[in-house]
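[1] coords please:
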Amino acid sequence: MKKMITLGMTLLMALALSACTGAPKDETIQAENQKTVKITSLNGSREKTEIEVPYDPERIAILDMASLDIIDNLGLGERVVGSAKTSLEYLQSYANNDKIEKLGTIKEADLEAVMKADPDIIFIGGRLSKSYDQLAEIAPVVYLATDAEKGLVKSVEDNALTIAKIFGKEDQVASKMAEFGKRIDALKKDSEGQTAVLGLTTSGSFNVLGNDGRLAMIATDIGFENIGIDIAASKKDEKEKKDKEASTAAHGNESSFELILGLNPDYMFVMDRDAAIQTEGAKAAKEIIENGLIKKTEAYAQGNIVYLSHPAVWYTAEGGITALDIMLQDLEEGLAK
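    You can find the predicted model right below:
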């Protein structure tokens with residue numbers, strides 16, 4: 001009888017142990033057997049859609065610098081088999097690697113080179129939306145973009161999580177974004193009650209930007225009051241608005257310095273577009289901005305004209321994890337007194 005009781009208890013313990021260890025084993029097997037994953041991306045018409053892509057793909061082709069930034073930041077760079085040309089210093093290891101196919105630019109893909117790279121998955125940005133269908137014939141296409149309504153920081157988080165989901169690295173994104181949150185909270189203290197004009201210099205002129213384009217995070221995420229919004233929108237003729245909307249958001253509207261003086265902002269944030277795209281012989285931003293009229297503004301008097309130190313990052317990699325880190329550094333340094 002005693003032996004039977006002992007045997008029964010042994011069986012019960014074995015069953016209990018099996019129950020405790022069975023679930024993780026099943027989950028591991030499931031993860032190992034997972035072939036695809038569903039994500040939300042944009043299609044060629046810039047509409048959100050759910051697509052199925054390979055899970056944990058080995059061969060990655062990238063025609064978008066923000067996506068390359070995220071892939072690199074997540075430690076997946078060795079899987080990149082093809083990349084677009086870039087001037088970004090921190091991504092030069094992809095541009096100058098003979099083992100990585102040159103796929104053209106973020107504006108124009110070399111379809112033959114993409115096919116030669118034989119990717120499992122392709123990442124693109126808004127400049128290549130017109131090539132979506134052609135690229136999709138080669139491999140599944142993930143098209144991600146920033147969303148002005150969400151703000152840049154939330155867009156970075158959502159896009160990074162989308163990419164991380166494909167590779168099973170979601171936990172990495174959460175920790176990185178938490179650190180960004182602390183830095184943004186600190187910057188918000190500098191923006192309280194402060195007005196600003198945001199803009200870029202290009203071809204010798206200054207273009208004012210609204211809250212729907214580059215530099216928008218300074219207003220929407222950091223908290224400066226962008227008082228140049230009306231100028232940024234003033235030249236959008238209703239008839240032309242639909243055709244020019246994307247261009248205006250990206251490059252702003254050229255503004256006279258008299259209008260800037262009239263606004264008299266507490267701060268000015270300036271991105272040198274010519275430096276970002278390496279325009280030869282172009283005037284430097286400071287040379288364009290610091291004229292007689294701007295020198296009469298409160299921003300100049302208080303030493304509050306902030307020239308963003310890494311214009312190429314702001315202009316071509318907005319939406320990346322490392323890019324966000326660099327952009328926050330530019331603001332932290334520019335606002336330090």
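[2] Can you check the pLDDT for Arg79?
    pLDDT for Arg79: 98.
[3] now Ala232
    Confidence for Ala232, expressed as pLDDT, is 77.
[4] The residue lying closest to it once chain neighbours are set aside: neighbour count?
    Spatial nearest neighbour of Ala232, chain neighbours left out: Gly210 (3.6 Å); criterion: C-beta to C-beta, 6 or more residues apart in numbering. (Glycine included, C-beta is placed from N, CA and C.) Per other C-beta atoms under 10 Å, the neighbour tally for Gly210 reads 22.
[5] Could you tell me how far Leu63 is located from Phe224?
    Relative to Phe224, Leu63 is positioned 33 Å away (criterion: C-beta to C-beta, to the nearest Å).
[6] my bad, Ala113
    Distance of Ala113 to Phe224, computed by C-beta to C-beta: 42 Å.
[7] Which one's more surrounded, the two?
    Using other C-beta under 10 Å as the criterion, Ala113 and Phe224 rank with Phe224 on top: 27 against 15.
[8] My guess is Lys286 contacts Tyr307. True?
    Yes: using C-beta atoms under 8 Å, Lys286 makes contact with Tyr307 at a distance of 6.2 Å.
[9] Neighbour count: those two, which is higher?
    Ranked by neighbour count (other C-beta under 10 Å), Lys286 and Tyr307 place Tyr307 first, with 19 against 12.
[10] Would you map out the domains in this structure?
    36-145, 190-335 (automatic domain parsing).
[11] can you list those domains in TSV and add distance to Glu170?
    Output for the domains of the chain, formatted as TSV (distance: least, C-beta to C-beta, whole Å):
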stretch	distance to Glu170
domain 36-145	10
domain 190-335	13
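[12] quick one: which of these has the weakest pLDDT on average?
    Of all the domains of the chain, mean pLDDT reaches its minimum on domain 190-335 (a mean of 88).
[13] Run the chain-centre distance for that domain.
    From the chain centre to the centre of domain 190-335 is a distance of 18 Å (C-alpha atoms, centre = their mean, to the nearest Å).
[14] Compute the first-to-last residue distance for it.
    7 Å (C-alpha to C-alpha, to the nearest Å).
[15] where exactly do the strands run in the stretch 51-200 of the chain?
    Ranges of strands in the stretch 51-200 of the chain, per DSSP state E, counting those that start in this stretch, are 60-63, 80-83, 101-102, 121-124, 141-143, 195-202.
[16] partners of the very next helix or strand once past the longest one in the sheet?
    The reference is to strand 195-202. Sequence-wise, the next helix or strand downstream of strand 195-202 (DSSP states H and E) is strand 205-208. Here strand 205-208 is paired, per DSSP bridges, with strand 195-202 (antiparallel), strand 253-254 (antiparallel).
[17] As CSV, could you dump the C-alpha coordinates of strand 205-208?
    The C-alpha trace of strand 205-208 is given here as CSV (Å, rounded to 0.1, in the frame of the first residue of the first chain):
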residue,chain,number,x,y,z
SER,A,205,16.6,81.9,-48.9
PHE,A,206,14.8,81.0,-45.7
ASN,A,207,11.7,78.7,-45.9
VAL,A,208,9.4,78.7,-42.9
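[18] Would you state the helices of the stretch 201-337 of the chain in chain order?
    Assigned by DSSP state H, counting those that start in this stretch, the stretch 201-337 of the chain shows helices spanning 217-220, 229-234, 238-251, 257-263, 273-276, 285-289, 298-301, 311-316, 321-335.
[19] who touches the fifth one?
    This points to helix 273-276. Here helix 273-276 makes contact (C-beta atoms under 8 Å, 6 or more residues apart in numbering) with 87, 200-203, 251, 279, 282-285, 311-312, 314-316.
[20] ok, of these, which come out buried?
    Leu200, Thr201, Thr202, His251, Ala282, Lys283, Ala285, Pro311, Ala312, Trp314, Tyr315, Thr316 (16 or more other C-beta atoms under 10 Å).
[21] if we can go back for a sec, can I get the helices of the stretch 201-337 of the chain in a markdown table including distance to Glu149?
    Formatted as a markdown table, these follow (distance: least, C-beta to C-beta, whole Å):
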| stretch | distance to Glu149 |
| --- | --- |
| helix 217-220 | 9 |
| helix 229-234 | 15 |
| helix 238-251 | 12 |
| helix 257-263 | 25 |
| helix 273-276 | 24 |
| helix 285-289 | 29 |
| helix 298-301 | 28 |
| helix 311-316 | 20 |
| helix 321-335 | 18 |
